[in-house]
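Visitor: here is my input; please provide its structure:
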Amino acid sequence: MTDTLSLDAALVERARKIRLFLMDVDGTLTDGGVCLISLPEGGIAEMKVFNSLDGAGLKLAHIMGIQTGFITGRKSPAVQHRAQELAVDFVYLGQSTKTAAFEECVRKAGVREDEVAYMGDDLPDMPLARRAGLAVAVANAASELKAICHYVTRARGNEGTAREVVELILKAQGRWEEAIPKAIA
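Guide: Residues are numbered from 1 along each chain as shown. The predicted model follows:
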């Protein structure tokens, strides 16, 4: 996925420092669609589709000691459940602004902002991207976000973006070869 030899040296240096990987959910780990299902008893259920590559990448980040977190504007039991499956360290749902959650994650993780990677897809992600040591936009992100990010993924949202970023970080840290056997089930 990611070849560190073809990456800018400044990008590799940023990725080398990462100890916490935070991300938006809708549009990064999902395709951004919101699927609401009418239930027979009159309620509404929400359905989200997550890519298994991202799951594998986030599990690998956990195994390799990189903390992870979701900061999203929507409240979603599906996101909470997926976070539990993947041992995501920090989960902030229903965040109208994401800055306070970002600051709390940084504090709880015991890291500096330059040790944080943040991945997003749209305008509300810009304040966090400006603060993160490694700001990442997905390939189909808003152009304004892409313009301020250090890295734009090859993959579009819901096509393995988190997996791509985890690989970038581990390769920059010289730990990719160590991680491969740990990823093999």
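
Visitor: what's the neighbour count on Gly32?
Guide: 17 (other Cβ atoms under 10 Å). Placement of C-beta: from N, CA and C, glycine included.

Visitor: could you pull up the residues touching it?
Guide: Asp26, Asp121, Gly157, Asn158 (Cβ atoms under 8 Å, 6 or more residues apart in numbering).

Visitor: nearest to Ala9, of those residues?
Guide: Asp121 (26.5 Å; Cβ to Cβ).

Visitor: my guess is that closest one contacts Gly27. True?
Guide: Yes. At 3.5 Å, Asp121 counts as touching Gly27 under the criterion of Cβ atoms under 8 Å.

Visitor: neighbour-wise, which of those two wins?
Guide: Neighbour count, other Cβ under 10 Å: between Asp121 and Gly27, Asp121 has more, with 28 against 23.

Visitor: from Lys48, how far out is Gly33?
Guide: 9 Å (Cβ to Cβ, to the nearest Å).

Visitor: higher neighbour count, the two?
Guide: Lys48 (20 against 12).

Visitor: local confidence estimate at the more buried one?
Guide: Here the pLDDT value assigned to Lys48 is 91.

Visitor: identify the residue nearest it in space, chain neighbours excluded?
Guide: Spatial nearest neighbour of Lys48, excluding adjacent residues (Cβ to Cβ, 6 or more residues apart in numbering): Ala78 at 4.4 Å.

Visitor: same question, Ser38
Guide: In space, Ser38 is closest to Ile44, 6.4 Å off (Cβ to Cβ, 6+ apart).

Visitor: gap between that neighbour and Ala129?
Guide: For Ile44, the distance to Ala129 - Cβ to Cβ - is 32 Å.

Visitor: between these two, tell me which one has more neighbours.
Guide: Ala129 (23 against 8).
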